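Novice: Whatever this is, show me its structure:
(one chain, ligands or ions: 2)
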Amino acid sequence: MSGQVAPAAAAAAGPTDSARVVVLISGGGSNMAALLDAQQDPAFGAVVAAVGADRANAGGLALAAERGVPTFVESVRDHADRDAWDRALTEQVRRHDPRLVVSAGFLKLVGPRFLAEFGGRYINTHNTLLPAFPGMHGPRDALAYGVRITGATVFFADAGLDSGPIVAQTAVPVLDGDDEATLTERIKQAERTQLVDVVGRLCRLGWSIDGRRVTIG
Ligand SMILES: Nc1nc2c(c(=O)[nH]1)N[C@@H](CN(C=O)c1ccc(C(=O)N[C@@H](CCC(=O)O)C(=O)O)cc1)CN2
Ligand SMILES: NCC(=O)N[C@@H]1O[C@H](COP(=O)([O-])[O-])[C@@H](O)[C@H]1O
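Specialist: Ligands and ions are numbered 1, 2, ... in the order given. Next up is the predicted model:
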């Protein structure tokens, strides 16, 4: 994965100059909500153009709609096969002409058609310090292993599972007495701060990817 994406307008003076971002979710969308809060500042440099989900009961959809953000749902079960779903998701996202696609708790692996169009400008936030503990249950797996430090990772997604080039990481301690819920929530606090920072910098300054090396600006 290599390539370069230019910054948004030199001085993103407001929403009309901000980079368009599509956010993909499957659940409550607290990371998505943090981006909606951040974009209230015109200097943020990004605006959430749409929020998509793989299921209609994703709680974040209602939250986005309440704030006037267009939403869409593409469920795998509504399509003949996974490739048809991949095509449909790609078309839905394309409609919103994003500079950047962000997934946060989006519980589907996107396929080759999506990556052909958005690879290199599709980031995901994951609630562990990759490459440790990829997949659906990061905090649970970290707790079970007994690590003392975990955290969250933002990376450019590729065809693998949580294996793409890393943009940023933030460390979070595992405390005595933690269970999956307390650790997951502590990670989320740091994760949201990191995601807002990374999305803002990517959109304001642009980025380049050379192999596994990501450079912002
Ligand atoms: N091509 C890629 N797509 C996605 C990636 C990625 O790295 N490459 N990251 C995920 C997010 N993610 C962890 O951060 C993740 C999401 C989903 C799964 C998974 O096993 N999903 C199953 C179905 C699970 C379900 O619906 O309950 C599946 O896709 O069949 C693992 C990791 C976002 N997409
Ligand atoms: N690897 C998949 C996965 O578990 N992702 C995790 O889902 C949460 C979504 O929270 P949110 O819906 O409150 O933003 C996030 O913490 C994210 O790291």
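
Novice: residues in the protein within reach of ligand 2, list them.
Specialist: Taking CB under 6 Å from any ligand atom as the contact definition, the chain meets ligand 2 at 25, 27-31, 104-105, 125-127, 136, 138, 188, 191. Bear in mind the C-beta positions are built from the backbone N, C-alpha and C, glycine included.

Novice: Show the buried residues in the residues you listed.
Specialist: Buried residues within the residues of the chain next to ligand 2, counting neighbours by 16 or more other CB atoms under 10 Å: 25, 27-31, 104-105, 125-127, 138, 188, 191.

Novice: Redo the residues you listed as a markdown table? Include pLDDT.
Specialist: As requested, these are exported to a markdown table (pLDDT from 0 to 100):
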| residue | pLDDT |
| --- | --- |
| I25 | 98 |
| G27 | 97 |
| G28 | 95 |
| G29 | 96 |
| S30 | 97 |
| N31 | 98 |
| A104 | 98 |
| G105 | 97 |
| T125 | 98 |
| H126 | 98 |
| N127 | 98 |
| G138 | 98 |
| K188 | 98 |
| E191 | 98 |
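
Novice: hey, what's the closest residue to L129 other than its chain neighbours bridged with?
Specialist: Among residues not flanking L129 along the chain, G151 sits closest, at 4.6 Å (CB to CB, 6 or more residues apart in numbering). When assigned by DSSP bridges, G151 has beta-bridge partners A171.

Novice: pLDDT score assigned to G151?
Specialist: With respect to pLDDT, G151 has a value of 98.

Novice: Show me the two of the buried ones among the residues of the chain next to ligand 2 that sit farthest apart.
Specialist: Of all pairs drawn from these, the greatest distance, 17.8 Å, lies between G29 and G138 (CB to CB).

Novice: Please enumerate the helices of the protein.
Specialist: Here the chain has its helices, by DSSP state H, at 30-38, 59-66, 82-94, 112-118, 138-145, 180-205.

Novice: could you dump these to TSV with distance to ligand 1?
Specialist: As requested, the helices of the chain are exported to TSV (distance: least, CB to the nearest ligand atom, whole Å):
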stretch	distance to ligand 1
helix 30-38	11
helix 59-66	15
helix 82-94	8
helix 112-118	6
helix 138-145	8
helix 180-205	11
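
Novice: on that earlier part again, what is the nearest of the residues of the chain next to ligand 2 to F72?
Specialist: Nearest to F72 among these is I25, at 11.2 Å by CB to CB.

Novice: got a list of what that closest one touches?
Specialist: Residues near I25 by CB atoms under 8 Å, 6 or more residues apart in numbering: N31, M32, V51, G52, A53, A58, G60, L61, S103, A104, G105, F106.

Novice: Give me the below-cutoff pLDDT ranges for this protein.
Specialist: 7-16 (pLDDT under 70).

Novice: in it, what residue is nearest ligand 2?
Specialist: Ranking the residues of the chain by distance to ligand 2 (CB to the nearest ligand atom) places G105 first, at 2.6 Å.

Novice: one step back: out of the helices of the chain, deepest packed?
Specialist: Among the helices of the chain, helix 30-38 has the highest mean neighbour count (mean count of other CB atoms under 10 Å), at a mean of 21.

Novice: Could you measure from the nearest residue to L161 once chain neighbours are set aside over to A181?
Specialist: Once flanking residues are discounted, L161 sits nearest to P134: 5.3 Å by CB to CB, 6+ apart. Here P134 is placed at a distance of 21 Å from A181 (CB to CB, to the nearest Å).
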